[in-house]
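Q: Quick one, fold the following:
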Amino acid sequence: MSFGGIADDYDKFRPEPPAIALDWLLPAQCEVAVDLGAGTGLMTRALAARANHVTAVEPDDRMRSVLAARSPEVEVVAGRGEDIPLPTASADALIVSSAWHWMDHERAVPEIGRVLRDGGRLGVIWTGRDRGTSWLQADEWFADAHAETTDPREDAEPARGEHRDIALLDPTLFGNIETDLFRFTRSMDMPDLVEWLTTYSRVIMASDTAKDLGRARASAALAEQFPGESRIDIPMRSLCWRADRNPR
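A: Have a look, this model is predicted:
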């Protein structure tokens, strides 16, 4: 729930999913889509351009408030992966964007299976900086903030080119499991890039002193590596996983 305290910054600085990844995640026919763990609606807005009806499910009131203000055309409800307030067999697709690692999978997977129609698509995606980029040393710049906090889930991303494991537990629920990796470039103003790096949980929960030290290190390093530049191209990647709901 730490993200709610920076909901506006989260919406401003976090990356949107690339179109090519979303096209791969969604089924060919998608009338009803669910964005689970929707945050401020970065994925929700992308889904709204592709599905006739979108429901965004988000547990944090502050994140949900920004989502509703930014996406008035979609249905926004309070809920979480372990308790989705939607009817059984009501969705053609359910997408989890950078939120799967926050869920209790033993409870969330059967609940997702309940909400999806037969043949419906579960898609999971993590979009972030390419951690193989040599000049983008965010962990080093914000080392003091990381040292002050203990929950590694937000920052424990896979190595370059690898995929997270999706533990379905019940192998009868889903089939046609596939993974893919999509690379793209994000262009950002240098101050915005620095602020983006503060929107991860271990930095959010750190002291103001640790955050400011990180900002100063990041700004100095970027100015040294990109002298005279105000805007930087950042190598990005989306790690994607998809599966189809087996017939009941």
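Q: can you tell me the helix or strand for residue 22?
A: Under the criterion of DSSP states H and E, residue 22 resides in helix 19-25.
Q: what comes up buried for that helix?
A: Buried residues in helix 19-25, counted by 16 or more other CB atoms under 10 Å: 21, 22, 24, 25. Where C-beta positions appear, they are placed from N, C-alpha and C, glycine not excepted.
Q: and the third one, what is it in contact with?
A: So that's residue 24. Neighbouring residues of residue 24 by CB atoms under 8 Å, 6 or more residues apart in numbering: 180, 182, 240, 242.
Q: for the last one, same thing?
A: When contacts are counted by CB under 8 Å, 6+ apart, residue 25 touches 93, 95, 121, 123, 125, 240, 242.
Q: Now it. Nearest residue, chain neighbours left out?
A: residue 123 (3.5 Å; CB to CB, 6 or more residues apart in numbering).
Q: helices or strands up against the helix or strand hosting the one you found?
A: Per DSSP H and E: residue 123 is located in strand 116-129. Judged by 3 or more CB pairs under 8 Å, 6 or more residues apart in numbering; DSSP states H and E, the packing partners of strand 116-129 are helix 19-25, strand 91-97, strand 231-245.
Q: Quick check: which helices or strands does the last one pack against?
A: Here strand 231-245 touches helix 19-25, strand 116-129, strand 174-189, helix 190-196, going by 3+ CB pairs under 8 Å, 6+ apart.
Q: hmm, try it at 6 Å
A: If you count contacts as 3 or more CB pairs under 6 Å, 6 or more residues apart in numbering; DSSP states H and E, strand 231-245 packs onto helix 19-25, strand 116-129, strand 174-189.
Q: Name the stretch among those that sits most buried.
A: strand 116-129 (a mean of 21; mean count of other CB atoms under 10 Å).
Q: Strand partners (parallel or antiparallel) of that strand?
A: Sheet pairing of strand 116-129 (DSSP bridges) gives strand 91-97 (parallel), strand 231-245 (antiparallel).
Q: Would you mind finding the most buried of those?
A: strand 91-97 (a mean of 27).
Q: still on that earlier bit, and the strand holding residue 123 with strand 174-189, angle?
A: 30 degrees (axes from the mean of the first three to the mean of the last three CA atoms, to 10 degrees).
Q: So what touches strand 116-129?
A: With CB atoms under 6 Å, 6 or more residues apart in numbering as the contact definition, strand 116-129 has outside contacts at 15, 17, 25, 27, 89, 91-98, 100, 112, 136, 238-245, 247-248.
Q: Report the contact partners of residue 9.
A: residue 199.
Q: can you give me how far stretch 75-87 is from the chain middle?
A: In terms of CA atoms, centre = their mean, to the nearest Å, the centre of stretch 75-87 is set 17 Å apart from its chain centre.
Q: could you give the mean pLDDT of that stretch?
A: Mean per-residue pLDDT for stretch 75-87: 98.
Q: Please apply the same query to stretch 193-207.
A: When pLDDT is averaged along stretch 193-207, the result is 94.
Q: before we move on, back to that, export the helices and strands packed on strand 231-245 to a markdown table and tack on distance to residue 54 and mean pLDDT?
A: Converted to a markdown table, the helices and strands packed on strand 231-245 look like this (distance: least, CB to CB, whole Å; pLDDT from 0 to 100):
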| stretch | distance to residue 54 | mean pLDDT |
| --- | --- | --- |
| helix 19-25 | 12 | 97 |
| strand 116-129 | 14 | 97 |
| strand 174-189 | 21 | 96 |
